[in-house]
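K.L.:
take this sequence and fold it.
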Amino acid sequence: MSNGSENPPLEMRGITKYFLGVRALDNIDFHVERGEVLGLVGSNGAGKSTLMKVLSGVYGDYEGQILLDGVPARLGNPLQALNHGIAVIYQEFSLVGTLSIAENIFLGKEPRREVGGIPFLNRHKLKEKAVELLEELNFGLNPGDLVRNLGVAEQQLVQIAKTMTEKPKILVMDEPTARLSRRERDNLFRIIARFREQGTAIIYISHFLEEVFMVASRVTVLRDGSVVANSPIGVLDHQKLVFLMLGRSVETGKSEREKSEKSTAQETPALLSVENFSMGDKFRDVSFELREGEILGITGLVGAGRTELARAVFGAEKRAAITGNVRLKGQKFNPRTPRNAVEMGVALAPEDRKQQGLVLCRPIADNITMAVNNRITRGFFDWFLDHKKRRSLVDDMIRRLDIRMADARLRISTLSGGNQQKVVLAKWLATQARVLILDQPTAGIDVGTKDEIYRLLDELAAQGVGIVVISDDPEELSRTCGRVLVMRRGKIAGELRGTISSDSVLEAVTAETAITEAAS
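P.N.:
Next up, the predicted model:
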């Protein structure tokens, strides 16, 4: 535990938590020291987020004991945790879209001035404090912008800035860099170093294991709701840590057979053809083809226009703002809405699964079938939902994607991030789409679940499905894709094909000039 007689700022003893009679946390002992960065790792569903929600007061119905500075504390709600100096940066954003960046950062802590004894919001001081904080963090955000107009990466920065104002004694970071660029990640590491020097106890949760090795001095590993290891980071390597997380090794890279199959896919007929596609200042004159059985990667820095391009193809952007042509199997493809796109055989798993991919207040089963309810009906006019067919579809998708859960009737919000992402994929696989667009498909997902998803993509491609993978992860693109398009400032700046390595992807993304094609 703590060195000497000083008590650690946080100690958790025998923490146990149940969901519908299923034990999610099993007698967990856990602690973190002052000025320490503790890595907390484990596969999706291992219990990391559940344990942190116990600590932050979200789950007050736990068994066991929490000690803060050696004193027992019962954390029954988030306000109690916050009053004890516990702050959490969750994977799920707690932002108000209709408010500005500055208003979100200082929500509940707004500077005020009195006029005639009545307190009013001091907007000048609010902006001044927000500008000062954002400049200190080097985040490059305009404090007056509305949060609803921000991309996912920018919202993540706002969430981090908001937490920084709490001046916490214990800071939990749950996948804080899942959607950040390398520069933004490096800024965050600088902030972490400053907090550590001030004596803040930091719990760092990430599926990017290289980050854990960079920032943590010690690591605690959870598997199936139990602690399986607690070790100084220096005695472990990547392979050992993965084995502790999963209880098995994971293959990395593509086999020669897989590379050959991906190369052969480029000779098959075009499924989707995009010609001179433009949308204002978001993207311009984009042209490419996606072929049957091909996994095509699209990458680029944050703001390059990748997500907007995917949404426009899918019919999720206003058609009036779009010019150019898209063809599906040689026929004109111009969906007015996402429903039209799905009916024609195109699906999009969005970057923001919480806001755009799932209905968090609904059960897991509802989320799996919501895109195909009109296809699983019965009766003369197909007016009634066929519950038997629906259950069969849900069971098949749960089995096919190995979705870990207690019961399909539970709310989707009770699942881990990785299992939620599997539900998003299950929803679109149920549509039997011929073109599948995946925007950041493995953000915030552990190495084992990534491997499962990659193998699923290979299976779908072998069946002739055309897949577009939009990703920031060079290793992911090199593992899955036979061809990668690089976007910069809304245009296709280059193309990689053949033997694609993580280094070649990273070099292409960060290059300042146009990219020449990389041949195998």
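
K.L.:
mind checking the SS state of L40?
P.N.:
strand (DSSP: H, G, I helix; E, B strand; the rest coil).

K.L.:
for it, give me the pLDDT.
P.N.:
On the pLDDT scale, L40 is placed at 95.

K.L.:
which one is it nearest to, not counting chain neighbours?
P.N.:
I205 (4.8 Å; Cβ to Cβ, 6 or more residues apart in numbering). Yep, even glycine has a C-beta here, placed from its N, CA and C like the rest.

K.L.:
bridging residues for the one you found?
P.N.:
Per DSSP bridges, the residues bridged to I205 are L40, D174.

K.L.:
can you give me the neighbour number for D224?
P.N.:
15 (other Cβ atoms under 10 Å).

K.L.:
please tell me how far it sits from I412.
P.N.:
Distance, D224 to I412, using Cβ to Cβ, to the nearest Å: 21 Å.

K.L.:
for S217, same thing?
P.N.:
For S217, the distance to I412 - Cβ to Cβ - is 35 Å.

K.L.:
with neighbour numbers in mind, choose between these two.
P.N.:
Neighbours were counted for S217 and for I412 using other Cβ under 10 Å; I412 has more, 25 against 14.

K.L.:
and the more buried one, what is it in contact with?
P.N.:
358-360, 362-364, 367, 420, 423 (Cβ atoms under 8 Å, 6 or more residues apart in numbering).

K.L.:
what do you get for K282?
P.N.:
So K282 contacts 305, 308-309, 312, 490 (Cβ under 8 Å, 6+ apart).

K.L.:
for it, give me the pLDDT.
P.N.:
88.

K.L.:
give me phi/psi at it?
P.N.:
Note on K282: backbone dihedrals following degrees, to the nearest 10 are phi -80, psi -50.

K.L.:
okay, now I403: neighbour count?
P.N.:
Residues near I403, counting by other Cβ under 10 Å, number 22.

K.L.:
whoops, F277 was the one
P.N.:
Using other Cβ under 10 Å: F277 sits among 19 other residues.

K.L.:
distance of it relative to F333?
P.N.:
From F277 to F333 the distance is 11 Å (Cβ to Cβ).

K.L.:
mutual contacts of those two, please.
P.N.:
Here F277 and F333 have V326 as joint contacts, going by Cβ under 8 Å, 6+ apart.

K.L.:
re earlier: who wins for neighbours among the contacts of K282?
P.N.:
The residue in the contacts of K282 with the most neighbours, by other Cβ under 10 Å, is L309 (28 neighbours).

K.L.:
helix, strand, or coil at I28?
P.N.:
Applying three-state DSSP: I28 is strand.

K.L.:
once you drop chain neighbours, what's closest to it?
P.N.:
Per Cβ to Cβ, 6+ apart, closest to I28 is I15, 4.4 Å.

K.L.:
how many residues are close by the residue nearest to L40?
P.N.:
25.

K.L.:
equivalent analysis for the one 10 residues further on, please.
P.N.:
Counted with other Cβ under 10 Å, residues neighbouring V215 total 19.

K.L.:
now do R223
P.N.:
18.

K.L.:
need the per-residue pLDDT for it.
P.N.:
R223 is given a pLDDT of 89.

K.L.:
tell me the bridge partners for it.
P.N.:
S226.

K.L.:
F277 too?
P.N.:
V286.

K.L.:
can you check P119 too?
P.N.:
Going by DSSP bridges, P119 forms beta bridges with E114.

K.L.:
correct me, but it touches P111?
P.N.:
No: in this structure P119 lies outside contact range of P111 using Cβ atoms under 8 Å: 10.2 Å.

K.L.:
domain-wise, how is the chain divided?
P.N.:
Taking automatic domain parsing as the reference, the chain has its domains at 10-246, 250-345+435-520, 356-432.

K.L.:
so what's T323 up against?
P.N.:
Contacts of T323 (Cβ under 8 Å, 6+ apart): 276-279.

K.L.:
mind running it again at 7 Å?
P.N.:
S278 (Cβ atoms under 7 Å, 6 or more residues apart in numbering).

K.L.:
how far away from the center of its chain is the helix or strand where it lies?
P.N.:
Using DSSP states H and E, T323 sits within strand 322-328. Distance of strand 322-328 from the chain centroid (Cα atoms, centre = their mean, to the nearest Å) equals 29 Å.

K.L.:
tell me the strands beside the very next helix or strand once past it, with direction?
P.N.:
Following strand 322-328 in sequence order, the next helix or strand is strand 331-332 (DSSP H and E). Strand 331-332 has these partner strands in its sheet, going by DSSP bridges: strand 322-328 (antiparallel).

K.L.:
give me the below-cutoff pLDDT ranges for the stretch 201-350 of the chain.
P.N.:
Residues of the stretch 201-350 of the chain meeting the criterion pLDDT under 70: 249-267, 302.

K.L.:
50 - rerun?
P.N.:
255-257, 259-260 (pLDDT under 50).

K.L.:
more neighbours: P119 and P111, which one.
P.N.:
A direct count of neighbours by other Cβ under 10 Å for P119 and P111 places P111 higher, at 14 against 10.

K.L.:
tally up the residues packed near the closest residue to E292 other than its chain neighbours, please.
P.N.:
Nearest non-adjacent residue to E292, counting by Cβ to Cβ, 6+ apart: T268, 4.2 Å away. For T268, the count of nearby residues is 13 (other Cβ under 10 Å).

K.L.:
quick one, strands of the stretch 201-350 of the chain?
P.N.:
Secondary structure of the stretch 201-350 of the chain (DSSP state E, counting those that start in this stretch): strands at 201-205, 218-223, 226-232, 270-279, 283-291, 295-300, 322-328, 331-332, 346-349.

K.L.:
quick revisit: who's in contact with the residue nearest to E292?
P.N.:
Per Cβ under 7 Å, 6+ apart, neighbours of T268: 291-293.

K.L.:
quick check: of those, which has the highest neighbour count?
P.N.:
Most surrounded of those: other Cβ under 10 Å gives G293, at 22 neighbours.

K.L.:
what sits opposite V469 in the beta ladder?
P.N.:
If you apply DSSP bridges, the partners that V469 bridges to are G297, L438.

K.L.:
okay, which residue is most central for the protein?
P.N.:
A443 (3.6 Å; Cα atoms, centre = their mean).

K.L.:
what residues does that one make contact with?
P.N.:
A443 neighbours (Cβ under 7 Å, 6+ apart): 178-179.

K.L.:
go again with 10 Å.
P.N.:
Contact analysis of A443 by Cβ atoms under 10 Å, 6 or more residues apart in numbering lists 91, 152, 175, 177-179, 207, 351-353, 417, 421, 471-473, 476.

K.L.:
in ChimeraX, select just the buried ones from those residues.
P.N.:
Those of the contacts of A443 that count as buried under 16 or more other Cβ atoms under 10 Å are selected in ChimeraX with:
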select :91,152,175,177,178,179,207,351,352,353,417,421,471,472,473,476
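
K.L.:
which residue packs closest to N373, ignoring adjacent ones?
P.N.:
N373 sits nearest to L385 (Cβ to Cβ, 6+ apart), 6.5 Å away.
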